[in-house]
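S.K.: Here's my sequence, what's the structure:
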Amino acid sequence: MAETKSSYGSIMKATSIFGGVQVFNILITLIRGKAVAILIGTAGMGLNGLLLSGLNLIKTITSLGISESAVKDISKAYNSNDEKHIRTTFQVFRRLIWFTAILGIIMTIVFSPLLSQFAFKSTDKTAAFIWLSITFVFGALSGGIYTLLRGTRQIKYLAQANIIGATVGLVVALPIFYFYGIDGVVPAIIGTALANYLVSLYFKTKIKFEPIAISWKETFQLGKPIVQLGVSLTFINILAAAVAFTLNAFISKTGTLSDLGLYNAGNAIVEGYVGMVFTAMATDYFPRLAGVINDELQWKKLVNEQAELVLIILGIVLVLLLITTPILIRVLLSKEFLGSQKFIMWAVLAIPLKGLVWVVGFIILAKGKNKLFLTVEIIANLIVLCFNLLFYHLYGLTGLGISLSISYSISSVFMLIILKRKFDFQFTSSVYKLLFISLLSLSLCLAAMMTIVAPYLYFLQFLIALTTISYYVFELNKRINFKEAIAKVKGKLKK
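M.R.: Below is the predicted model of the structure:
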């Protein structure tokens, strides 16, 4: 029992830490956006956005998804306690990172005239893209260090690196914009990348290992699985972007630009509100899972524990999101965006199901089943796209929210069938119980909002939220014991 509570506590700790980091990064982004808007105006922001989008396109292609895929191999090596295996894996990863950095530089230089022509309808910014190619070195190396921190589960250092890096990047960029205005866009991007790299160098000292001599032939042989998985992840990212683009184009052509704006605004609120849970899952859960994936009892236990805590956290977060949606829209956007409320109301029902899909999806990644992963992701993306197109055509903006709930219901059942057949995995009854309570409370809230008027609605919403949160706090306490957790924190503060 103590070991189980320790495992729950570890998951909860990671979620809290990276949730806090996510909130901090959002604040930094808001501050940077506001300051940049004042210092370089709309033209400067447009230039900054176009240059970064061009670089990100090259990065998506040339990074080969290595920083994400390598987490699995690094975690396995780290968990093996085999010194030679650890050193070899680290060395292979470092060389692959250098390879992607050089590839990024070459592709940026070669395609800089094309990028300039495509983005600015002239070749005037060719030199700017060539100068910016240096950011691939800084970005690849700092990203590599953060991947090593993830793979070795250095949670505290990874969180500190993210916070310090974001802060230093802001401190470096703002004076450049202040003194040079729009001419400082390129130096600011390079300066930010350099600053992040210098910050990452400090945290590199936290990962102590001696380099090992291996040939380049061995590097590519041992790195082949990392690259294969990375390419699969890159393809899925491109597919997701293509699906989003297709939906946006369909809305703008068959509907209105207003609908498109409301959809994107509503989607940003939902994704931003629950983003901390999914960020923590990708940052901490995947390395943990990859480290124990060869121990059947351990990985199945970990997946169920992660699913339980995801549903508990989402259960609390989502019921609060649902009852505060009108306020959030007014605060984060304006009353003109209140039309996105119905989309948000229905989309919220899909998030607990999305959480479970994410939890089990990492099993396939950790197992290294690239073909299965690709097949599942392609089918899941097509399901979401088809339902979105159909339901927007039938019911407009509200239909997009409904379609997400239906498509994720289908996707979750589809995933569970595959995992049962391939890996003999199924969720425990407690996971389904938590899912049922979450969907029930959200459905009751939704039904109340559609049928009851104020002030009775506010009272009922408060009652549902209070009951739901109390239940989930009770369930959370059973797993991590608040008294013990508070006592540990007090003990650390006294030292």
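S.K.: could you point out which element follows the helix or strand hosting residue 250?
M.R.: Here residue 250 sits within helix 216-254, counting by DSSP states H and E. As assigned by DSSP H and E, the chain's next helix or strand after helix 216-254 is helix 257-280.
S.K.: Show me what the mean pLDDT comes to for that following helix.
M.R.: Per-residue pLDDT over helix 257-280 has a mean of 77.
S.K.: Please name every helix or strand in contact with the helix holding residue 250.
M.R.: Applying 3 or more C-beta pairs under 8 Å, 6 or more residues apart in numbering; DSSP states H and E, one finds that helix 216-254 contacts helix 2-62, helix 66-80, helix 83-120, helix 257-280, helix 370-423. Just so you know, the C-beta spots here come from the backbone N, C-alpha and C atoms, and that holds for glycine as well.
S.K.: Deepest-packed of those, please.
M.R.: helix 66-80 (a mean of 23; mean count of other C-beta atoms under 10 Å).
S.K.: contact partners of it?
M.R.: Identification of contacts with helix 66-80 by C-beta atoms under 8 Å, 6 or more residues apart in numbering yields 85-86, 88-90, 93, 96-97, 100, 143-144, 146-148, 150-153, 225-230, 232-233, 286-288, 290-294, 365-366, 368.
S.K.: And those residues, which of them are buried?
M.R.: 86, 88-90, 93, 96-97, 100, 143-144, 146-148, 150-153, 226-227, 229-230, 232-233, 286-288, 290-293, 365-366, 368 (16 or more other C-beta atoms under 10 Å).
S.K.: where in the stretch 101-250 of the chain is pLDDT low?
M.R.: The stretch 101-250 of the chain contains residues with pLDDT under 70 at 119, 208-211.
S.K.: quick one: residue 77 from residue 436, how far?
M.R.: Separation of residue 77 from residue 436 (C-beta to C-beta, to the nearest Å): 40 Å.
S.K.: same thing with residue 451?
M.R.: Taking C-beta to C-beta, one finds residue 451 at 22 Å from residue 436.
S.K.: okay, now the domains of this protein?
M.R.: 15-214, 225-495 (automatic domain parsing).
S.K.: closest to residue 8 out of these?
M.R.: Ranking the domains of the chain by proximity to residue 8 (C-beta to C-beta) places domain 225-495 first, at 4.1 Å.
S.K.: neighbours of residue 347, just the number please.
M.R.: Here the count is done by other C-beta atoms under 10 Å, and residue 347 has 26 residues near it.
S.K.: dump the residue contacts of it.
M.R.: Residue 347 touches 266, 267, 270, 400, 401, 404, 405, counting by C-beta under 8 Å, 6+ apart.
S.K.: Pull the contacting residues for the last one.
M.R.: Residue 405 makes contacts with 346, 347, 349, 350, 353, as judged by C-beta under 8 Å, 6+ apart.
S.K.: how far out from the middle of the chain is stretch 423-438?
M.R.: How far stretch 423-438 lies from its chain's middle: 23 Å, per C-alpha atoms, centre = their mean, to the nearest Å.
S.K.: Could you list the buried residues of it?
M.R.: Buried residues in stretch 423-438 (16+ other C-beta under 10 Å): 423, 425, 427, 430, 431, 434, 435, 437, 438.
S.K.: before we move on, the earlier item: which one of the contacts of residue 405 sits in the busiest neighbourhood?
M.R.: residue 347 leads the contacts of residue 405 on contacts (other C-beta under 10 Å) with 26 neighbours.
S.K.: how close does that residue sit to residue 401?
M.R.: 4 Å.
S.K.: Residue 191 now?
M.R.: Using C-beta to C-beta, one gets 42 Å for the distance from residue 191 to residue 401.
S.K.: What strand or helix carries the nearest residue to residue 8 once chain neighbours are set aside?
M.R.: Using C-beta to C-beta, 6 or more residues apart in numbering and skipping residues adjacent in sequence, the residue nearest residue 8 is residue 479, 4.1 Å away. Using DSSP H and E, residue 479 sits within helix 456-480.
S.K.: buried residues in that helix?
M.R.: Under the neighbour-count criterion of 16+ other C-beta under 10 Å, helix 456-480 has 457, 460-461, 464-465, 468-469, 471-472, 475-476, 479-480 buried.
S.K.: which of the residues you listed sit farthest apart?
M.R.: Most distant of the buried residues of helix 456-480, by C-beta to C-beta, are 457 and 480, 33.9 Å apart.
S.K.: can you pull the pLDDT of residue 6?
M.R.: pLDDT recorded at residue 6 is 57.
S.K.: contacting residues around whichever helix or strand residue 195 is part of?
M.R.: Residue 195 is part of helix 185-204 when elements are defined by DSSP H and E. The contact list for helix 185-204 (C-beta under 8 Å, 6+ apart) reads 40, 44, 47-48, 51-52, 55, 128, 131-132, 134-135, 138-139, 141-142, 145-146, 148-149, 154, 157-158, 160-161, 164-165, 168-169, 171-173, 176-177, 180.
S.K.: Give the buried residues for it.
M.R.: Within helix 185-204, the residues that count as buried by 16+ other C-beta under 10 Å are 185-197, 199-200, 203-204.
S.K.: any common contacting residues for residue 347 and residue 401?
M.R.: residue 266.
S.K.: Quick check on residue 134: phi, psi?
M.R.: phi -60, psi -20 (degrees, to the nearest 10).
S.K.: ok, it touching residue 108?
M.R.: No: in this structure, residue 134 is not within contact of residue 108 by C-beta atoms under 8 Å, at 9.2 Å.
S.K.: okay, which residue is most central for the protein?
M.R.: Centroid-nearest residue in the chain, with C-alpha atoms, centre = their mean: residue 279, separated by 4.3 Å.
S.K.: The residue lying closest to residue 28 once chain neighbours are set aside and residue 370: what is the separation?
M.R.: Distances taken as C-beta to C-beta, 6+ apart place residue 166 nearest to residue 28, at 4.5 Å, with adjacent residues excluded. Residue 166 sits 33 Å away from residue 370, going by C-beta to C-beta.
S.K.: hmm, back to that, report the two of the buried residues of stretch 423-438 separated the most.
M.R.: Between any two of these (C-beta to C-beta), the greatest distance is 26.8 Å, for 423 and 437.
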